[in-house]
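A.B. asks: fold the stuff below for me.
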Amino acid sequence: MWQLDGNIACWNCELVSAAFDLLAPADGIRIRKVQRHAVDAVHILQVHFPGPISAGSIDAYVRTGDLIVRYPECPQSGFGLQLRWSLIPDPSVTAVELLVSVHTSRLSLTTSLDIGNRFDPTVREGYSAQGKPVRTPPTGSRSAEDRPQVRCGLVLCRPLDVTWSYAEMTNAHAPTIRDEWSQPPHPSGGFRLFDGVLEKGVIRRARMRGIFFPRVRDLAVACQHFQAFLKAPTQLDT
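C.D. replies: Just a heads-up that it's a prediction; the model follows:
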């Protein structure tokens, strides 16, 4: 179960060790142990909420084993944000699940939200639910914002010198893949969600899942998990 200590939430058990800084959602969940094996700090499911974020502005608590964090609407984004983190340690696969919700008090605004991980782009690739590669267009002379959007709901990462793979997936409507959206030394990449108009009184939700599993037929395993994930109902309570 999650344990809250100030602005740090931790989950420690025999199978997995994870931590989340409530004041830094852009750092995501930091994983330091997977399947009983210590790993270098791995940052997954990073939520790039522009902030600024102060301890007094957020509401965080643990309910039914899940960590729920609410961030108020900020001028930079124009929307408020709620994150619900669940962690599923299992002898064969470790899964971190995120239910993300956005809302606004404005009549309407055009917005988006980036969620992803800090793995090197050379070991990260997008796939369709059928296991077909989905690649971003070459950079060329275009800026990142001017490149065509590529629909993608599954990203598979194969970091070097380890025996496991990591897959990140979403059930969001029309997610797009982005190679990088932050600068070195910590570039991040993954999904852009909620790209479009958000209206007052509307709550937009998406479910994310990150899984660690042995690197044996990892693409087939990732696609199998992704298809099952898409069929599961979205949790609507907050």
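
A.B. asks: other SSEs contacting the lowest-mean-pLDDT helix or strand in the chain?
C.D. replies: The helix or strand of the chain with the lowest confidence, counting by mean pLDDT, DSSP states H and E, is strand 176-178 at a mean of 80. On a contact count with 3 or more Cβ pairs under 8 Å, 6 or more residues apart in numbering; DSSP states H and E, strand 176-178 meets strand 189-199. C-beta coordinates here come from the backbone N, C-alpha and C atoms, glycine included.

A.B. asks: with only the CA atoms kept, save stretch 16-32 in CSV.
C.D. replies: In CSV, the C-alpha atoms belonging to stretch 16-32 read as follows (Å, rounded to 0.1, in the frame of the first residue of the first chain):
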residue,chain,number,x,y,z
VAL,A,16,8.8,-3.7,-6.1
SER,A,17,10.0,-0.4,-4.7
ALA,A,18,8.4,2.8,-6.1
ALA,A,19,8.2,6.5,-5.1
PHE,A,20,6.3,9.6,-6.3
ASP,A,21,7.0,13.2,-5.4
LEU,A,22,3.6,15.0,-5.2
LEU,A,23,5.3,18.3,-6.1
ALA,A,24,7.0,16.9,-9.2
PRO,A,25,4.5,14.9,-11.3
ALA,A,26,6.8,15.5,-14.3
ASP,A,27,9.3,13.1,-12.6
GLY,A,28,6.7,10.4,-12.7
ILE,A,29,6.9,7.2,-10.6
ARG,A,30,10.5,6.3,-9.7
ILE,A,31,11.1,2.6,-9.7
ARG,A,32,14.1,1.2,-7.9
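
A.B. asks: buried sites along it?
C.D. replies: Residues of stretch 16-32 classed as buried by neighbour count (16 or more other Cβ atoms under 10 Å): 16-31.

A.B. asks: contacts only, for the residue nearest the centre of the chain.
C.D. replies: Centroid-nearest residue in the chain: L45, 2.6 Å away (criterion: Cα atoms, centre = their mean). Contacts for L45 (Cβ atoms under 8 Å, 6 or more residues apart in numbering) come out as 28-29, 96, 98, 115-117, 168, 208, 210.

A.B. asks: of the buried residues of stretch 16-32, the lowest pLDDT goes to which?
C.D. replies: Looking at the buried residues of stretch 16-32 by pLDDT, the weakest one is V16, with 89.

A.B. asks: leaving out sequence neighbours, find the closest residue to it.
C.D. replies: Nearest non-adjacent residue to V16, counting by Cβ to Cβ, 6 or more residues apart in numbering: P89, 4.6 Å away.
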